[in-house]
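Chemist: Build the 3D model from these lines:
(2 chains)
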Amino acid sequence: MKIGKRKKEKKEFKPNYKTLNIDGTRYKTNLTKKFENRKIYTSPDDKKMISFLPGTVIKVFVKEGQKIKMGDNIMILEAMKIQNRIKSSGTGVIKSIKVKEGEKITKGIIMLELE
Amino acid sequence: MSLKRKIRELQKRREKARKGGGDKAIEKQVSMGKLTARERIIVLLDEDSFNEYDLFVEHDSRDFDMDKKTLHGDGVVIGTGTIYGAPICIFAQDFTVAGGSLGLMHSRKITKIMDHALKMRMPLIGINDSGGARIQEGVNSLAGYGEIFFRNTLASGVIPQISVILGPCAGGAVYSPALTDFVFVVDKISKMFITGPEVIKTVLGEEISMEDLGGAKVHSEITGNAHFFAESELQCFEQIKRLITFIPWNNSRKAKAVEPKEPRKKEYKIDDIVPDNPKQPYDVRDVIRSISDDSDFFEVQERWAANIVIGFGRMDGKTIGFIANQPLVLAGVLDVDSSDKAARFIRYCDAFNIPMVTFVDLPGYLPGVDQEHAGVIRHGAKLLYAYSEATVPKITVILRKAYGGGYIAMNSRHLRADFVFAWPGAEIAVMGPEGAANIIFRREIMAADDPDKVRKQKVKEYKDKFANPYVAAAKGYIDSVIEPQETRNLLLHAIEVSQNKSVGGPKKKHGIPPF
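Modeler: Residues are numbered from 1 along each chain as shown, chains lettered A, B, ... in the order given. Here you go, the predicted model:
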């Protein structure tokens, strides 16, 4: 049986190794792009309500200064062809509402802040 | 009509149908740097081996003025041929005909050749180059995709299935390649995604190019959807041909053996590859090459999750699947992606009677919130499942570190490795000496006047006692502590005496692996 030509194997040694700490031991190694670009964890802030879907704000039910409880309806966000009822993720007084009715918003923005 | 005239008419019809979408469309295809569907097949298969079927198939849809349109071969070419003598069923979507869009007859041609491949137990290669569903045919088009996916699943683990992405492959269409064993992509030509840039822009307001969303680099480096990356279509075809030499025609056969060859010992000196210090990196592929026939190693998914290395080589002329931790990248840790990558490869080798050799050198699992939240428990479990479940001969060589859960996961005796060997520098322990000493001797270290001095002393004590292969050897968890120089001969022996391996577990319909 014949076998196709072998590609010349290039050595990919990069001499500037980084260190990676596993269980207290520091290993010399290369890091991957994916590892270096990983999201550093921050704990969620329940005073801030962040959009988890992009869409259009259809209706806002609440006003600044209003007292709301966790689970109260605060707005309707049309996203992915569905009118989604957005409920409050915290209890408190609304400090500011950052979106307007009719506004198109992206994912990951602050929609509302509690005091 | 005389027979001669009839033959002439046949020739005319053939010529016309083979033109596909016509000169203009072919010109456009070429201008995109792509070969045409038939050219691709001819280049890939052995010379003069291709026979095309269903050349005269046409669609019969009537809506949206489709009845006035002739689509030659309905936008796909199917047939049989050989690669290095191995029988092959092949289909190639023809982008010059209605953008290679998939209608009912198009899908019937594909499923016809798939059924043939499964019935005849021969490998199937699918070349994807299609704009997606033929909207005019509505639900018939969706039915077509569904029939293809079902057959991909039915044939999985019975015949090798290879997908080649040489153009767009978008929406539901991506799931046929995703269900197959190996996906080949070509730089700047392959594009795969579920929802394209336009939809993402309108729905999400995020702007991204096709290349950055689902180009060849993305799928071979970030998502792991692709197994082989090539710079050109021709290079891609060479890769496919090479893969075909390593794998059997179906699951009841073994891969064809070739003339055995000794490794190139001058280039790959097995004694000099692995540094003594467990914190120092090296390229584990050099260890594979130092023991494989002709030092040949055909790596799979080279660019993705490079902290584990998988691929094919040969020993005594027979195909072996190699799995190895790669200290050169992320210290060779196991994580979400590397567990996923190795687990699937192990299941491939097991399904197709390819013995496996595993080289172990890892510090454990990658710590991090991102890893935990990405499900390293679920993904990591795939590796344990795949090794435990595999019934082909499976042999392990522990080169250096084998710590903690990583030791268990990497084809340990406990998961039913048939042979486990360790080099004299192997450290088989519950964790690295630094971590272990800090936990075991915490009080003594904290209470000491000079904690650093005591720590160092305790680390050394632990190292002397446990950082070696002899504790595990004393329990029979490893079969033999060997010199690096002895590795190839021992592996050859182990493979030889394992060739009639026969094991069976409890009867079941199928297990429930942590997919």
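
Chemist: Strands of chain A, start to end?
Modeler: With DSSP state E, the ranges of strands along chain A come out as A:18-22, A:25-29, A:48-50, A:55-60, A:67-68, A:73-79, A:82-87, A:92-97, A:104-105, A:110-114.

Chemist: Same question for the stretch 251-400 of chain B.
Modeler: B:298-300, B:308-315, B:318-325, B:356-362, B:394-403 (DSSP state E, counting those that start in this stretch).

Chemist: Now do the fourth one against strand B:394-403, angle only.
Modeler: Counting by axes from the mean of the first three to the mean of the last three C-alpha atoms, to 10 degrees, strand B:356-362 lies at 0 degrees to strand B:394-403.

Chemist: right, and residue A:17 touches residue A:26 too?
Modeler: No: judged on C-beta atoms under 8 Å, residue A:17 makes no contact with residue A:26 at a distance of 10.8 Å. Every C-beta, even on glycine, is put in place using the N, C-alpha and C of the backbone.

Chemist: quick one: which of these two has more around it?
Modeler: Between residue A:17 and residue A:26, counted using other C-beta atoms under 10 Å in any protein chain shown, the more crowded position is residue A:17 (16 against 12).

Chemist: Tell me the pLDDT of residue A:15.
Modeler: Among the per-residue scores, residue A:15 shows a pLDDT of 68.

Chemist: do the same with residue A:7
Modeler: Reported pLDDT for residue A:7: 53.

Chemist: before we move on, what about residue B:69?
Modeler: 85.

Chemist: Could I get the buried residue list for stretch B:447-461?
Modeler: Buried residues in stretch B:447-461, counted by 16 or more other C-beta atoms under 10 Å in any protein chain shown: B:454-455, B:457-459.

Chemist: got the contact list for residue 16?
Modeler: This is for chain A. For residue A:16, the contact set (C-beta atoms under 8 Å, 6 or more residues apart in numbering or on different chains) is empty.

Chemist: right idea, wrong chain: chain B
Modeler: residue B:72.

Chemist: try 10 Å this time
Modeler: Listed by C-beta atoms under 10 Å, 6 or more residues apart in numbering or on different chains, the contact partners of residue B:16 are B:22, B:55-56, B:70, B:72.

Chemist: Ranking by neighbours, what's the top pick from the residues you listed?
Modeler: Highest neighbour count within those, by other C-beta under 10 Å: residue B:72, with 22 neighbours.

Chemist: Distance check, the residue lying closest to it once chain neighbours are set aside against residue B:129.
Modeler: Excluding its sequence neighbours, the residue lying closest to residue B:72 (C-beta to C-beta, 6 or more residues apart in numbering or on different chains) is residue B:17, at 4.6 Å. Residue B:17 is 18 Å from residue B:129, where distance means C-beta to C-beta, to the nearest Å.

Chemist: Comparing these two, which residue is more hemmed in?
Modeler: residue B:129 (29 against 18).

Chemist: Residue B:459 touches residue B:441, doesn't it?
Modeler: Yes: between residue B:459 and residue B:441 there is a contact under C-beta atoms under 10 Å: 8.8 Å.

Chemist: Tell me which of the strands of chain A sits nearest to residue B:231.
Modeler: strand A:25-29 (27.6 Å; C-beta to C-beta).

Chemist: could you say what helices and strands the closest one packs with?
Modeler: Using 3 or more C-beta pairs under 10 Å, 6 or more residues apart in numbering or on different chains; DSSP states H and E as the contact test, the elements touching strand A:25-29 are strand A:18-22, strand B:394-403, helix B:433-440.

Chemist: Buried residues, that strand. List them.
Modeler: A:25, A:27-29.

Chemist: Serialize the residues you listed to CSV and add fields for pLDDT.
Modeler: Shown next, in CSV, are the buried residues of strand A:25-29 (pLDDT from 0 to 100):
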residue, pLDDT
A:25, 89
A:27, 94
A:28, 94
A:29, 95
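
Chemist: Include distance to residue B:426 when you put those residues into JSON lines, please.
Modeler: Putting the buried residues of strand A:25-29 into JSON lines (distance: C-beta to C-beta, whole Å) gives the following:
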{"residue": "A:25", "distance to residue B:426": "16"}
{"residue": "A:27", "distance to residue B:426": "17"}
{"residue": "A:28", "distance to residue B:426": "19"}
{"residue": "A:29", "distance to residue B:426": "19"}
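
Chemist: Tell me where the model's unsure across the chain.
Modeler: With no chain named, the answer covers chain A. By pLDDT under 70, the low-scoring segments of chain A are A:1-15.

Chemist: Centre of the chain to stretch A:107-115, how far?
Modeler: Mean-position distance between stretch A:107-115 and its chain equals 12 Å (C-alpha atoms, centre = their mean, to the nearest Å).

Chemist: Any buried residues in that stretch, and which?
Modeler: For stretch A:107-115, using 16+ other C-beta under 10 Å, the buried residues are A:110-114.

Chemist: Nearest to chain B, out of those: which one, please.
Modeler: Using C-beta to the nearest C-beta, residue A:111 comes nearest to chain B of the buried residues of stretch A:107-115, at 14.8 Å.

Chemist: Quick check: that closest one touching residue A:76?
Modeler: No: judged on C-beta under 10 Å, residue A:111 makes no contact with residue A:76 at a distance of 12.0 Å.
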